Structure formats: C-alpha cells, structure tokens
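Colleague: Need the 3D shape of this:
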Amino acid sequence: MIYPTLFHFLEEKVFLKPFAGIRPDSKYVSIVNVPPYDMVSYQEVRKAIKYNPFSFFRVTRPDGEMLESGNEYSDEVYKRARENFEYFLREKILFKEVVLGGVGIKKESIENLFFLQS
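Modeller: Below you'll find the predicted structure:
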C-alpha cells in the first residue's frame, strides 16, 4: 500500500503568499550582522552593543543595553527591541524590499523524499 506523499498533504493544507523581506542596506551588512542571539553570553552582547551601535543585538538582545539586574523577558525589554527595530528602519539601516518574494516547493523533491510504502 502506498500512502499519500507529504506533497499531497501540503498541496491541500498550505497556502504560500509572497512577502516583502526586511534586510540591511548593503553598506551596513557587515556591521549589523551578528551570531544567533542564544549563542553568545550577556557580557559578549553588552560588549558588541557598546562598540557597535548598529549591532542587530540591539533588536534581538536589547537587554544587553539595559541594566544587568533587569529581567530579560520583561515588557521593557520587548519595548526596547521594538524601538530599536523601528530606529533601524527609520534610519535606513534596514529596509523593506519592494519586490515580493516567497517560498517555493518543488513537487518532485518532496515526492522523492517523503513517501511510505508497506
């Protein structure tokens, strides 16, 4: 017996719509770019933010620019992340792409990887 492929499941359940990405301006890429937020210590984040005001840690780890005694999950931290993100957009460090993009799936690649046979 052959079971339906994952593609058939996706075909019926998933709707993919184009979206406009947000990315750094080319002149800021090298200074905005940071490692994953959970791969660096609090002290490393503080140091990165101190020496680089364009560090994306200001968005992903805004607790690094706040007092050490604060709660990293507090409303103030999330508010600061939003403020910093909006600042990056306003100052054109980041920009929203004009051309819509999206995600595509090739039917053949899904069918070749995901089928069950008994």
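Colleague: what's the lengthiest helix in the chain in contact with?
Modeller: Longest among the helix segments of the chain by residue count, using DSSP state H, is helix 75-90. Residues from elsewhere that reach helix 75-90, judged by Cβ atoms under 8 Å, 6 or more residues apart in numbering: 22, 32, 54, 56, 58-60, 62-63, 65-66, 70-71, 93-96. Heads up, the C-betas are built off the backbone N, CA and C, glycines and all.
Colleague: Stretch 44-55 now?
Modeller: 28, 31-32, 34, 37, 40, 57-58, 61, 63-65, 88, 93.
Colleague: now with 6 Å?
Modeller: 28, 31-32, 34, 57-58, 61, 64-65, 93 (Cβ atoms under 6 Å, 6 or more residues apart in numbering).
Colleague: Now do the buried residues in that stretch.
Modeller: Within stretch 44-55, the residues that count as buried by 16 or more other Cβ atoms under 10 Å are 45-46, 48-49, 54-55.
Colleague: Turn those into JSON lines, including distance to Lys17.
Modeller: Shown next, in JSON lines, are these (distance: Cβ to Cβ, whole Å):
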{"residue": "Val45", "distance to Lys17": "34"}
{"residue": "Arg46", "distance to Lys17": "39"}
{"residue": "Ala48", "distance to Lys17": "35"}
{"residue": "Ile49", "distance to Lys17": "35"}
{"residue": "Phe54", "distance to Lys17": "31"}
{"residue": "Ser55", "distance to Lys17": "32"}
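Colleague: what's the nearest residue to Thr60 if we skip its chain neighbours?
Modeller: Tyr37 (4.1 Å; Cβ to Cβ, 6 or more residues apart in numbering).
Colleague: how close does the one you found get to Gly64?
Modeller: Using Cβ to Cβ, to the nearest Å, Tyr37 is found at 10 Å from Gly64.
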